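[1] Next input, structure requested:
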Amino acid sequence: MLPMNARQKNLHWGSTLDDFLDEEGIREGAKIEAIRRVLAWQLSQEAPPPASPPNRAASAGVVRNPENR
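    Model prediction:
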């Protein structure tokens, strides 16, 4: 958040998002939800891609001949 003197120089500045969330009484809930979403996103970025299911025919030694299809 900007220091008060920086906010006072610009007459077009309104209240901050923090001020609004405080007035609505939802600042802590919004902060917790934001942290939860960031953590979920970070975990999704680190997770390896899901492994593809094994090919049962190949693991059983079955050889498919395209002529028999």
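
[2] now the helices: where do they sit in this protein?
    Ranges of helices in the chain, per DSSP state H, are 4-9, 17-24, 27-46, 56-59.

[3] wait, which of the ones you listed is closest to Glu67?
    For Glu67, the closest of these is helix 56-59, at 16.4 Å, according to C-beta to C-beta. Every C-beta, even on glycine, is put in place using the N, C-alpha and C of the backbone.

[4] Show which residues not belonging to stretch 24-31 make contact with it.
    18, 21 (C-beta atoms under 8 Å, 6 or more residues apart in numbering).

[5] quick revisit: give me whichever of the helices of the chain is most buried.
    Greatest average neighbour count among the helices of the chain goes to helix 17-24 (a mean of 12), per mean count of other C-beta atoms under 10 Å.

[6] I'd like to know the predicted local confidence at Asn5, please.
    Predicted confidence (pLDDT) for Asn5: 61.

[7] same thing with the one 5 residues further on?
    Per-residue pLDDT puts Asn10 at 71.
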